[in-house]
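Peer 1: this one's sequence-less:
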């Protein structure tokens, strides 16, 4: 058991590399393919990984309410994915990576507002710090805020809504069903947007987008392995490496300058997420201990 945290850290490092590979490929493709089409092809080509999930989805016997929640999550994720692809073609990789960390912060706020979860001083301070980190990255009034930055603010918000719905559904169905239904609903949701801006892709572009699907699927799988091997309080800080790799990749491969404010703001946001993760871990630990005392 003593090695499990090390294994969890290893899988989280692999997860970060997979997601950085996703951002690198999408950045490489740039605006050659419209954002909605690129997002659709990424999910459509990834449907091959859905085959093992079909049987568990059918066995789940989803209720009408669950279908509605999955559909709503698909709508939110559809919008988020389109905006993410749009942002990747227009602002540095480091900016996209840093601002993507706002999603867990939005989830914390939404859980407090809509699910009745507490927002004690420590968690509230972490949320405020994360928002300050976002302002450090954007620096409104000191530089021009690009449309890609606004797209990422909306992306993090939409993804947070999707994560919140996943949190609700995770108490009712298995993770395989949640992942499978997301792939189905987002592919369907993206189809009309892709059709509206369709540009016939080359075989090379299709190959790159299939690579995105492969790395994204692998990243979600290795993330699951990381969560099984070690608690979030161990694995969450490792996500900081994604920002380091994104900054290095942008500078070395794509010739993007290293923006110290983006690194600082991203570090503040990641630190806030770590605090929120630790606070959630302590809350669950106290709840489990209280439950044990009740049983005793």
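Peer 2: Received it, and whenever you're ready, just let me know what you need. This is a predicted model, so every value here is computed, not measured.

Peer 1: And the pLDDT at residue 85?
Peer 2: pLDDT, residue 85: 91.

Peer 1: got it, and residue 231?
Peer 2: So, for residue 231, pLDDT stands at 68.

Peer 1: tally of neighbours for the closest residue to residue 276 other than its chain neighbours?
Peer 2: Of all residues not flanking residue 276 in the chain, residue 126 sits nearest, at 5.0 Å (CB to CB, 6 or more residues apart in numbering). To be clear about C-beta, it is placed using only N, CA and C from the backbone, and glycine gets the same treatment. Applying other CB atoms under 10 Å, we find 25 residues neighbouring residue 126.

Peer 1: ok, now residue 167?
Peer 2: For residue 167, the count of nearby residues is 14 (other CB under 10 Å).

Peer 1: what's it in contact with, if anything?
Peer 2: 107, 111 (CB atoms under 8 Å, 6 or more residues apart in numbering).

Peer 1: Quick check: which element contains it?
Peer 2: Element membership for residue 167, per DSSP states H and E: helix 147-169.

Peer 1: buried sites along that helix?
Peer 2: Using 16 or more other CB atoms under 10 Å as the burial criterion, the residues of helix 147-169 that qualify are 148-149, 151-166, 169.

Peer 1: I'd like the mean pLDDT over that helix, please.
Peer 2: For helix 147-169, the per-residue pLDDT averages 89.

Peer 1: Which helix or strand lies directly C-terminal to that helix?
Peer 2: Using DSSP H and E, the helix or strand that follows helix 147-169 in sequence is helix 175-196.

Peer 1: Could you say which helix or strand holds the residue lying closest to residue 29 once chain neighbours are set aside?
Peer 2: Distances taken as CB to CB, 6+ apart place residue 208 nearest to residue 29, at 5.8 Å, with adjacent residues excluded. For residue 208, the host element (DSSP H and E) is helix 203-229.

Peer 1: just residue 85 next, same as before
Peer 2: Counting by DSSP H and E, residue 85 is part of helix 64-88.

Peer 1: sorry, back to before: would you agree the residue nearest to residue 276 is in contact with residue 277?
Peer 2: No - assessed by CB atoms under 8 Å, residue 126 is found out of contact with residue 277, at 9.4 Å.

Peer 1: What part of this structure, helix or strand, is modelled with the least confidence?
Peer 2: helix 232-235 (a mean of 66; mean pLDDT, DSSP states H and E).

Peer 1: still on that earlier bit, pull the contacting residues for the residue nearest to residue 276.
Peer 2: Contact analysis of residue 126 by CB under 8 Å, 6+ apart lists 105, 108, 272-273, 275-276, 279.

Peer 1: Out of these, flag the one nearest to residue 9.
Peer 2: Using CB to CB, residue 273 comes nearest to residue 9 of the contacts of residue 126, at 16.5 Å.

Peer 1: Could you give the number of residues near that closest one?
Peer 2: Neighbour count for residue 273, taken as other CB under 10 Å: 26.

Peer 1: Residue 30 is in contact with residue 89, isn't it?
Peer 2: Yes - counting by CB under 8 Å, residue 30 touches residue 89, with 5.0 Å between them.

Peer 1: quick one: which of those two has more around it?
Peer 2: Using other CB under 10 Å as the criterion, residue 30 and residue 89 rank with residue 89 on top: 18 against 12.

Peer 1: Now that one: closest residue in space, sequence neighbours ignored.
Peer 2: Spatial nearest neighbour of residue 89, excluding adjacent residues (CB to CB, 6+ apart): residue 31 at 4.4 Å.

Peer 1: How far off centre is the helix holding residue 208?
Peer 2: Computed by CA atoms, centre = their mean, to the nearest Å, the chain-centroid distance of helix 203-229 equals 13 Å.

Peer 1: Show me which residues of it are buried.
Peer 2: Within helix 203-229, the residues that count as buried by 16+ other CB under 10 Å are 205, 208-223, 225-227, 229.

Peer 1: Find the nearest non-adjacent residue to residue 134, please.
Peer 2: residue 102 (6.1 Å).

Peer 1: Look up how far residue 67 lies from the one you found.
Peer 2: According to CB to CB, to the nearest Å, residue 102 and residue 67 sit 29 Å apart.

Peer 1: low-confidence ranges in the stretch 151-296 of the chain?
Peer 2: 231-234, 236, 280-281, 283-296 (pLDDT under 70).

Peer 1: now with 90?
Peer 2: Scanning the stretch 151-296 of the chain for pLDDT under 90 picks out 160-180, 216-263, 265-267, 269-296.

Peer 1: Return the backbone torsion pair for residue 146.
Peer 2: phi -80, psi 150 (degrees, to the nearest 10).

Peer 1: Perfect, I'm done here.
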